[in-house]
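[1] let me see the structure of the following:
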Amino acid sequence: MADEPKKTTTSYETLGAKKLGLKDVVAQSVGFMGPVFSAAFLVPLVVGVTSATGKGGGVAAPVSVIIAAIGVIALGWIVSRYTRQIQSAGSLYDYVSRGLGPKVGVASGFLYYCGIIVLSVGLIVLVGGYVHDTIESEFKVTPLPGWAWSCLLIALLFVTLYFGVRISTRMQLALALVSFLVVLGFFIMVIVKLGHENTWAPFKPSSSAQGWSGIFFGVVYGVLLFVGFETAANLGEETKDPKREIPLAVMMTAGIAAVFFVLAAYVQVAGFHLSLKAITSAAAAPLFALGAPATEGGYGGLWIDRLLELVVLFDMIAVTIGTGVAGSRGVFALARDRRIPSVLARTSRKYGTPVAAILLIVGLAIVNVLITQFWTSLFALPGNPHYFSIFAWDSTLGGFALVVVYLLMSLGSLRTFRAGSGATFAAAVGIAITGGAIWASFYKVPRPTLWAPVAAVGLLIVGFIIAFTTKGRRAAALQMKDLAVNPDLARVEPLAVVDPEGGIVAEHQGPIE
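    From the prediction side, this is the model:
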């Protein structure tokens, strides 16, 4: 049967048949990244009106986004080079192992996939609260409490993850594409309505009230807009031609998102007539403020605003599915290599999906809903509903975890790829961008938000404990023929050395061309 998992001569667990194409893997990266969700809620961070430090690009926020995009494209180049060698579900885990050795790889993999799962469960409570509050605000009714909407989303997540990855990616594609096109059309409408008020001022560094310091703080937050762009790589095992389609998906996602986010930053600055005071007054949801009727200072109307609210919801659901897909594949990969309990590597015989990992994510999501509902003092932010406080903390931890792994991947690429091939420049840019983001995660950040990156550091330490105390077995990226490092790309052989505990050790006999 087409849905039967691939057979292998080893005892390694496998996922479903290779049936994903380019649009599926693009949908995974775009769905995880959530361009509409990010444009609605993260652009104010780049501007600086909602950042913990109070610093940002200000009116010159588009400049911050452009610089951040350059850094992300450099990271995308590194990912695309790795995807031509390794096509495992563990993607970033195997990439770091390739460059820095299996111990660091295991620790980073544990952090990376914990971060993704925390993002996923945090989004679920946000969606529940968002739906409840939006319906109550717009229609003055409350058909279900927020926790019930979250539970419905959990059920939807389980169905889409369990019954085949193609269902997951196609749902992400539909939700993300509709929301993307609607918001893109709205941005164009705002620009047209601005008419002669359109200006190049947001693209001039001199427009930043805080100078280059503010712009670079904006860059730090700008990187968060793109988090998840690389997650198409998690579907390498289930893609027909991963060496071609995964690199294309990663770079296409980064490029398209860069243009969209620059446009989003411009519209949210120019739409408020370059007034930081006006942006600050609408900081919680500037996109919806711009969609309001002209009598309220917006460029739309009641139904445009409601349409924007709906497509933002669509994009949040797409992000939830994307994080679920990536997280379940990562848990599966770590369990397959016996770095976490092997039971988590179990797959559905009929659909080839990582059912044990899916059930783990669903269980953690339910726990997070219960915590949000009953532990109302946990990570509470004054003036905000508790579901938002939980999401803010979860997303801070998750985003920080991914950025740390981007940094480790960039460092490892210096050992993996041949000097002069563009790797040195890409790594330097990636290190600078991610290093700055990590620093800003601690600088003047108040509690309880500060505890999120601290917790992520704790997860990394746990990852190292796992790496040094578990024997594991030879990494699937080396053991399984269709996942292994491609020897044709090696300058000299062996391409990698395997330590007795399994996993990839950075090569000792030469870099890759």
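
[2] residues near the nearest residue to residue 376 once chain neighbours are set aside, how many?
    Distances taken as C-beta to C-beta, 6 or more residues apart in numbering place residue 386 nearest to residue 376, at 5.0 Å, with adjacent residues excluded. For every residue, glycine as well, the C-beta is placed using N, CA and C. Close neighbours of residue 386, defined as other C-beta atoms under 10 Å, add up to 21.

[3] can you list phi and psi of residue 386 for me?
    phi -60, psi -30 (degrees, to the nearest 10).

[4] from here on, count from 37
    I'll keep to 37 as the first residue from here, and by that count the last item is residue 422.

[5] residue contacts, it?
    408, 412, 414, 416 (C-beta atoms under 8 Å, 6 or more residues apart in numbering).

[6] what's the farthest-apart pair in these?
    Across these, no pair lies farther apart than 408 and 416, at 10.8 Å, counting by C-beta to C-beta.

[7] looking at the two, which is more packed in?
    Per other C-beta under 10 Å, whichever of residue 408 and residue 416 has more neighbours is residue 408, with 29 against 16.

[8] quick one, what contacts the more buried one?
    Per C-beta under 8 Å, 6+ apart, neighbours of residue 408: 161, 183, 186, 422, 423, 426.

[9] among those, which are in strands?
    The members of the contacts of residue 408 all map outside strands under DSSP state E.

[10] okay, those residues in a markdown table with distance to residue 301 and pLDDT next?
    Below are those laid out as a markdown table (distance: C-beta to C-beta, whole Å; pLDDT from 0 to 100):
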| residue | distance to residue 301 | pLDDT |
| --- | --- | --- |
| 161 | 27 | 97 |
| 183 | 34 | 97 |
| 186 | 30 | 98 |
| 422 | 30 | 95 |
| 423 | 27 | 94 |
| 426 | 27 | 94 |
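
[11] just the buried members of those?
    Using 16 or more other C-beta atoms under 10 Å as the burial test, the contacts of residue 408 include 161, 183, 186, 422, 423, 426 as buried.

[12] number of nearby residues for residue 224?
    Neighbours around residue 224, by other C-beta under 10 Å: 12.

[13] low pLDDT regions in the protein?
    Counting by pLDDT under 70, the chain contains low-confidence residues at 37-46, 87-89, 319, 455-457, 517-549.

[14] tell me the centre residue of it?
    residue 264 (2.4 Å; C-alpha atoms, centre = their mean).

[15] how about that residue, secondary structure?
    Secondary structure, DSSP: H, G, I helix; E, B strand; the rest coil: residue 264 is coil.

[16] contact partners for the closest residue to it other than its chain neighbours?
    Sequence neighbours aside, residue 68 is the residue nearest to residue 264 in space, at 3.5 Å (criterion: C-beta to C-beta, 6+ apart). Residue 68 makes contact with 264, 265, 267, 355, 358, 359, 361, 362 under the criterion C-beta under 8 Å, 6+ apart.

[17] dump the residues you listed to TSV, plus distance to residue 76 and secondary structure.
    Shown next, in TSV, are these (distance: C-beta to C-beta, whole Å; DSSP: H, G, I helix; E, B strand; the rest coil):
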residue	distance to residue 76	secondary structure
264	16	coil
265	18	coil
267	20	helix
355	12	helix
358	16	helix
359	17	helix
361	22	helix
362	22	helix
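
[18] quick check, nearest of the residues you listed to residue 218?
    Once C-beta to C-beta is applied, the member of the contacts of residue 68 that ends up nearest residue 218 is residue 355, at 16.1 Å.

[19] what distance do you get for the nearest residue to that closest one once chain neighbours are set aside to residue 296?
    Take residue 355 and drop its neighbours on the chain: the residue closest to it by C-beta to C-beta, 6+ apart is residue 70, 3.7 Å away. To residue 296, residue 70 is 11 Å away according to C-beta to C-beta, to the nearest Å.

[20] those two: which has the busier surroundings?
    residue 70 (32 against 21).

[21] so how far is residue 216 from the more buried one?
    Counting by C-beta to C-beta - residue 70 and residue 216 are separated by 10 Å.

[22] need the overlap of contacts for those two.
    If you check residue 70 and residue 216 against C-beta under 8 Å, 6+ apart, the residues they both contact are residue 351.

[23] tell me the contacts of the residue nearest to the centre of the chain?
    Counted by C-beta under 8 Å, 6+ apart, residue 264 has contacts 65, 68, 69, 70, 355, 358, 359, 362, 438.

[24] same list (those) but as a markdown table, adding distance to residue 234.
    Formatted as a markdown table, these follow (distance: C-beta to C-beta, whole Å):
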| residue | distance to residue 234 |
| --- | --- |
| 65 | 31 |
| 68 | 32 |
| 69 | 27 |
| 70 | 27 |
| 355 | 31 |
| 358 | 34 |
| 359 | 36 |
| 362 | 38 |
| 438 | 35 |
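
[25] nearest to residue 281 among these?
    Looking across those and measuring by C-beta to C-beta, the closest to residue 281 is residue 65, at 11.2 Å.

[26] wasn't the closest one part of a helix?
    Yes. Secondary structure of residue 65 (three-state DSSP): part of a helix.

[27] so it is in contact with residue 270, correct?
    No. Under the criterion of C-beta atoms under 8 Å, residue 65 makes no contact with residue 270, lying 9.5 Å away.

[28] what residues are up against residue 485?
    88, 417, 428, 429, 432.

[29] hang on, it is in a strand, isn't it?
    No. According to three-state DSSP, residue 485 belongs to no strand; its state is coil.

[30] output stretch 177-186 in CSV with nothing but the alpha carbons.
    Coordinates of the C-alpha atoms in stretch 177-186 are reproduced here as CSV (Å, rounded to 0.1, in the frame of the first residue of the first chain):
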residue,chain,number,x,y,z
VAL,A,177,-21.9,36.3,22.5
THR,A,178,-19.7,33.7,24.1
PRO,A,179,-20.7,30.3,22.6
LEU,A,180,-17.7,28.6,24.2
PRO,A,181,-15.0,29.5,26.8
GLY,A,182,-11.5,30.0,25.7
TRP,A,183,-10.3,26.6,27.0
ALA,A,184,-12.9,24.8,24.9
TRP,A,185,-11.8,26.5,21.7
SER,A,186,-8.2,25.4,22.6
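
[31] hang on, the earlier thing: what strand or helix carries the residue nearest to residue 264?
    helix 58-69 (DSSP states H and E).

[32] and that helix, which residues are buried?
    58, 60, 61, 62, 63, 64, 65, 66, 67, 68, 69.

[33] on that earlier part again, and the residue nearest to the centre of the chain, backbone torsions?
    Torsion angles, degrees, to the nearest 10, at residue 264: phi 100, psi 0.

[34] any idea how many residues pack against residue 399?
    12.

[35] same check, this time on residue 92
    Residue 92, neighbours per other C-beta under 10 Å, totals 30.

[36] so it touches residue 84, yeah?
    Yes. Residue 92 is within contact range of residue 84, at 2.1 Å (criterion: C-beta under 8 Å).

[37] list residues touching both of these two?
    246, 250, 253, 254.

[38] thinking again about what came up before, ok, the residue nearest to residue 355 to residue 266 distance?
    14 Å.
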